[in-house]
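Trainee: got a predicted structure plus its sequence, pasted below:
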Amino acid sequence: MKNRFRKPKKAVPAKPDGKIDMFFTSLDNLIRSKISSNIQLELIFAVAFCLVLAFLAYNITFNMTRKVTLDQSISYERGIDDISSSADDIAERMLNDLRYKEEEEITDEMRENARYASENNPNAKQFNLNKAMENLIQDFSRTSTLKVVVTDLNGDILYKTENVMETSLDIFSVIKSAYDIDYYRPEQLEEQSASELIFVYPMNFLKNDIYLVIKDTPVADIQTTPTYSYNSSLAIFIGFLFFISGFLILTKNKMDYIQELSNTVHIISTGDLKYAAPVKGNDELTNLAKSINVMARDIDERIEEERHLEKTKQELITNVSHDLRTPLTSIIGYLGLAQSQKISAKQKDEYIDIAYSKSERLKELINELFEYTKLQSPDNKPNFTAVNLVDLLDQLIEEMIPMAEERGLSITKSVVKKDIFLQADVPQIVRLFENLISNAIKYSYTSDPILLSVLGIDASGYVTISIENTIDEISDEEISKMFERFYRLEKSRSSETGGSGLGLAISEGIVHLHEGKIYARKINEQRIAITVKLPVLSNP
């Protein structure tokens, strides 16, 4: 049961990471980001990892295939070393032990190099030869095989261990046997039993010249030598197999991604430009996928643009053929009638006048068609100069007043600011406003004035010009189509009541050439306005 009165434990705040931890964390993130964004580094990392994996697999397989063969042989080396070591130890003790020297013979160097703790003990000193030799013989009779003999210069035995039976030695033969190298040849020691080893030390011991002779027969030793054999071919094969397997596993995602990109390029090459390459990761393959998508999108847009241009071209040819054929047919017809001998001179003149007016109409249509195609051409390079828009419109209105008066109309101008300068191609700007004012005159439904307004400059640096006139019935759909080529408000497309259908299309092309905007809107049921926005020149 919980204790309701027990105070709850305070939460221990987590310790912030130290600077070293933060450094290594940021370094790890940097390395990971660099490797993941560079295929070359990814391949280097994959190869290095696979080499380590292959090395480990090679070593494990190499050790697992190890076979041990034990070779046994008889050796006397250890026995010889033991006998030699004992002999040297006896001789060194007899020569260097301070217990067997007179006090005046002992130097400081001898005391520093003393081997036994009892050497400097006066009570342990043995200056009697017999006593000293008995002690040595007793000390070195620890084995039953080692024979220690002390002789005089003639070979007579002075002292010996109990296992020595001789009473005298031929000292010269002993010395010769001691230095016979055949005893130390390994091949003879292995082929047959080793002979007795003899060590002879001539020395002056307690002021007496003696020979120390040590004999013994080395004991045979059976040595077991292991011989190792390995299956290195299998180890290399396993290591190579691990390297290939690891490399395939590490690079599988990249290989699959490359295959996806290859399939994408194949699909796009068949004409499916809407198909998009998958974008994965953040390396060069990702950039390649993005480039493929951009390329496909650009090609698709260009193809669509070419299709649109081809369609436009066909429509243009069809419309031009219709509009040119109609007046040309009339011209041919009236000229044919004028050639008839059955008509009067008056009728002949009338037919010629009609044919001439039709020719003028045909010329006008051809000029407008030429103007339109010129604007659509990419080689059309306008000649921009600074021009005062208000002054240009004043001059143009003066030129258009007679045309308006013929139809019983007047043109009213409204200007907010007088000096407004444009960077414009003057002939084209003149053509633009000629088209708009002439259209307003031609299509005005009542005798109400045509209003041309310069509304001033907005915050984006554009001046707005509006041309208003009265209208009959017009739908919103008809307004949206007003700037299409060869479109006339008259349903019959009669060139007698309407224009060529290129005027507003030419106007739109001029406005776009000057990086402006043009559109039409209904003010009310009786009036319509065409608005033009053009960029002004900031420093005229």
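Mentor: Good, I have the coordinates.
Trainee: my guess is Glu260 is in a strand, correct?
Mentor: No: counting by DSSP: H, G, I helix; E, B strand; the rest coil, Glu260 falls outside a strand, being helix.
Trainee: against Asn63, how distant is it?
Mentor: Note on Glu260: its distance to Asn63, by CB to CB, to the nearest Å, is 43 Å. Backbone N, C-alpha and C define where each C-beta goes, glycine included.
Trainee: more crowded one of these two?
Mentor: Set Glu260 next to Asn63 and count neighbours by other CB atoms under 10 Å: Glu260 wins out with 15 against 10.
Trainee: next, count neighbours for the closest residue to the more buried one other than its chain neighbours.
Mentor: With CB to CB, 6 or more residues apart in numbering as the criterion, Glu260 has its nearest non-adjacent residue at 5.7 Å, and that residue is Pro278. Residues near Pro278, counting by other CB under 10 Å, number 12.
Trainee: which secondary structure state does Pro278 sit in?
Mentor: At Pro278, secondary structure determined by three-state DSSP is coil.
Trainee: what confidence value was assigned to it?
Mentor: In the predicted model, Pro278 carries a pLDDT score of 87.
Trainee: quick check: it touching Gln259?
Mentor: No: in terms of CB atoms under 8 Å, Pro278 does not count as a neighbour of Gln259; the distance is 11.1 Å.
Trainee: coming back round to it: show me the contacts for the residue nearest to Glu260.
Mentor: Each residue near Pro278 by CB atoms under 8 Å, 6 or more residues apart in numbering is listed here: Tyr257, Glu260, Thr264, Ala289.
Trainee: what helix or strand is the last one on?
Mentor: When secondary structure is defined by DSSP states H and E, Ala289 falls within helix 284-338.
Trainee: which strands and helices lie in contact with that helix?
Mentor: Of the remaining helices and strands, those touching helix 284-338 by 3 or more CB pairs under 8 Å, 6 or more residues apart in numbering; DSSP states H and E are helix 252-269, helix 345-376.
Trainee: tell me which helix or strand comes right after the last one.
Mentor: Remark: after helix 345-376, the chain's next helix or strand is strand 385-388, criterion DSSP H and E.
Trainee: off-centre distance for stretch 509-528?
Mentor: How far stretch 509-528 lies from its chain's middle: 51 Å, per CA atoms, centre = their mean, to the nearest Å.
Trainee: now it: buried residues?
Mentor: Gly509, Ile510, Val511, Leu513, His514, Gly516, Ile518, Ala520, Arg527, Ile528 (16 or more other CB atoms under 10 Å).
Trainee: of all those, which comes closest to Val416?
Mentor: Out of these, the one with the shortest distance to Val416 is Gly516. That distance is 18.0 Å, counting by CB to CB.
Trainee: tell me the contacts of the closest one?
Mentor: Applying CB under 8 Å, 6+ apart, one finds that Gly516 lies in contact with Tyr462, Val532, Lys533, Leu534, Pro535.
Trainee: what lies in contact with the helix or strand encompassing the second one?
Mentor: Element membership for Val532 (DSSP H and E) is strand 527-535. For strand 527-535, contacts defined as CB under 8 Å, 6+ apart pick out 389, 422-424, 432, 436, 439-440, 448, 461-471, 474, 479, 511, 514-523.
Trainee: am I right that Ser460 falls within a helix?
Mentor: No: going by three-state DSSP, the assignment for Ser460 is coil, not a helix.
Trainee: count of neighbours near the closest residue to Glu196 other than its chain neighbours?
Mentor: Across the structure, with CB to CB, 6+ apart as the measure, the residue nearest Glu196 apart from its sequence neighbours is Thr217 (4.9 Å). As a burial measure, the neighbour count of Thr217 was computed by other CB under 10 Å and equals 16.
Trainee: next up, the contacts around Thr217.
Mentor: Applying CB under 8 Å, 6+ apart, one finds that Thr217 lies in contact with Gly79, Thr145, Ala194, Ser195, Glu196, Leu197.
Trainee: spell out the secondary structure type for the second one.
Mentor: State at Thr145, reduced to three classes by three-state DSSP: coil.
Trainee: any idea how many residues pack against it?
Mentor: Using other CB under 10 Å, Thr145 has 14 neighbouring residues.
Trainee: got a list of what it touches?
Mentor: When contacts are taken as CB under 8 Å, 6+ apart, Thr145 is in contact with Asn163, Asp216, Thr217, Val219.
Trainee: so for it, what's the pLDDT?
Mentor: 77.
Trainee: kindly report the same for the last one.
Mentor: Note on Leu197: pLDDT of 85.
Trainee: now it: how far from Lys215?
Mentor: Leu197 is 7 Å from Lys215, where distance means CB to CB.
Trainee: compare the two (neighbour count), which wins?
Mentor: Each of Leu197 and Lys215 has its neighbours counted (other CB under 10 Å); Lys215 has more, 24 against 21.
Trainee: that one contacts Val200, correct?
Mentor: No: contact criterion CB under 8 Å: Lys215 and Val200 do not qualify, at 9.7 Å.
Trainee: could I get the contacts of Thr145 in TSV, plus columns for secondary structure, pLDDT and distance to Arg99?
Mentor: Below are the contacts of Thr145 laid out as TSV (DSSP: H, G, I helix; E, B strand; the rest coil; pLDDT from 0 to 100; distance: CB to CB, whole Å):
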residue	secondary structure	pLDDT	distance to Arg99
Asn163	coil	82	26
Asp216	strand	85	26
Thr217	coil	83	31
Val219	coil	80	32
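Trainee: from those residues, list just the buried residues.
Mentor: Once neighbours are counted (16+ other CB under 10 Å), the buried part of the contacts of Thr145 comes down to Asp216, Thr217.
Trainee: just the buried positions in stretch 340-358, please.
Mentor: Lys348, Tyr351, Ile354, Ala355, Lys358.
Trainee: try stretch 243-251
Mentor: For stretch 243-251, the neighbour count (16+ other CB under 10 Å) marks Phe243, Gly246, Phe247, Leu250, Thr251 as buried.
Trainee: for the third one, give me phi and psi.
Mentor: What it means is Phe247. Comment: the main-chain dihedrals of Phe247 come out as phi -70, psi -40, following degrees, to the nearest 10.
Trainee: could you find the closest non-adjacent residue to it?
Mentor: Taking CB to CB, 6+ apart as the measure, Phe247 lies nearest to Cys50, with 4.8 Å between them; neighbours along the chain are not counted.
Trainee: which element is that neighbour on?
Mentor: Taking DSSP H and E as the definition, Cys50 sits inside helix 39-64.
Trainee: buried ones in the helix or strand following that helix?
Mentor: Reading on from helix 39-64 to the C-terminus, the next helix or strand found by DSSP H and E is strand 67-75. Within strand 67-75, the residues that qualify as buried by neighbour count (16+ other CB under 10 Å) are Ser75.
Trainee: sorry, back to before: among the buried residues of stretch 340-358, which one lies nearest to Lys125?
Mentor: Looking across the buried residues of stretch 340-358 and measuring by CB to CB, the closest to Lys125 is Lys358, at 160.5 Å.
Trainee: quick check, the closest one in contact with Tyr334.
Mentor: Yes: with contacts defined as CB under 8 Å, Lys358 counts as touching Tyr334 at a distance of 7.1 Å.
Trainee: sorry, back to before: Leu328: which of the contacts of Pro278 is nearest?
Mentor: Of all the contacts of Pro278, the one with the least separation from Leu328 (CB to CB) is Thr264, at 54.1 Å.
Trainee: for the closest residue to the closest one other than its chain neighbours, what are its contacts?
Mentor: The spatially closest residue to Thr264, leaving aside those adjacent along the chain, is Ala277, at 4.1 Å (CB to CB, 6+ apart). Counting by CB under 8 Å, 6+ apart, Ala277 makes contact with Glu260, Leu261, Thr264, Val265, Ala289, Lys290, Ile292, Asn293, Ala296.
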